[in-house]
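A.B. asks: Need the 3D shape of this:
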Amino acid sequence: MSYKNIEIYTDGGCSGNPGVGGWAFVFSADGKFITEQSGGDIFTTNNKMELTAVINALKACVATDAQSIIVNTDSQYVKNGISSWVINWKKNGWKTAAKKPVKNKELWVELDRLNSQLPVKYQWVKGHAGIYGNERCDTLVNLEMDKLK
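C.D. replies: Predicted coordinates:
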């Protein structure tokens with residue numbers, strides 16, 4: 001498939017942190033809805049679910065030859081992590097500025113790998129603010145958590 005412009009909304013969440021979690025993404029291309037996906041984990045963290053949502057969304061983009069991909073996330077952790085923190089983490093052997101191991105390293109490594117292959121830009125969106133893609137993801141996340149409770 002070939003798309004010019006892809007826009008994705010992602011979300012992840014937990015009931016308890018750690019606890020039962022869910023992730024979701026909504027994928028549209030060239031202004032048309034394409035697909036949505038979601039999943040969950042019986043024992044996880046909010047940050048893991050946020051990262052998993054973006055990773056799965058980008059995996060769906062790999063074979064598209066997209067010219068532009070915008071990922072909308074309500075997670076500052078994801079946006080800041082992939083846009084700036086990951087650069088220093090890699091330079092420092094996957095250690096934080098405080099010289100501690102980066103949490104969720106395996107997910108960050110995968111996200112960084114996908115990010116380097118694709119023309120991705122990240123945008124932070126306010127959660128629970130009536131933005132359709134974000135609200136739809138939140139609904140899917142909660143449905144996934146409900147299945148696992």
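A.B. asks: ok, how many other residues are close to Ser28?
C.D. replies: Applying other Cβ atoms under 10 Å, we find 18 residues neighbouring Ser28. The way it works is simple: take the backbone N, C-alpha and C, and place the C-beta from them, glycine included.
A.B. asks: ok, now which ones touch it?
C.D. replies: Contact analysis of Ser28 by Cβ atoms under 8 Å, 6 or more residues apart in numbering lists 6-8, 34, 133.
A.B. asks: wait, isn't Lys149 in contact with Gly19?
C.D. replies: No. Assessed by Cβ atoms under 8 Å, Lys149 is found out of contact with Gly19, at 9.4 Å.
A.B. asks: Flag the least confident of the contacts of Ser28.
C.D. replies: Minimum pLDDT for these is recorded at Ile34 (93).
A.B. asks: what's that residue sitting at in phi/psi?
C.D. replies: The phi/psi pair for Ile34 (degrees, to the nearest 10) reads phi -110, psi -60.
A.B. asks: Run a quick neighbour tally on it.
C.D. replies: Other residues within reach of Ile34, judged by other Cβ under 10 Å, total 16.
A.B. asks: again with Ser116
C.D. replies: 8.
A.B. asks: which one of Lys149 and Gly19 has more residues nearby?
C.D. replies: For the pair Lys149 and Gly19, the greater number of neighbours falls to Gly19 (17 against 9), based on other Cβ under 10 Å.
A.B. asks: where's the residue lying closest to the more buried one once chain neighbours are set aside, which helix or strand?
C.D. replies: Spatial nearest neighbour of Gly19, excluding adjacent residues (Cβ to Cβ, 6 or more residues apart in numbering): Phe43 at 6.9 Å. In the assignment (DSSP states H and E), Phe43 maps to strand 32-44.
A.B. asks: And for that strand, what's in contact with it?
C.D. replies: With Cβ under 8 Å, 6+ apart, strand 32-44 has contacts from 14, 18-28, 48-49, 52, 56-57, 60, 136-137, 140-141, 143-145, 147-148.
A.B. asks: ok, 6 Å please
C.D. replies: Residues outside strand 32-44 that contact it (Cβ atoms under 6 Å, 6 or more residues apart in numbering): 18, 21-28, 140, 144, 148.
A.B. asks: that's a strand at Tyr3, yeah?
C.D. replies: No. Counting by DSSP: H, G, I helix; E, B strand; the rest coil, Tyr3 falls outside a strand, being coil.
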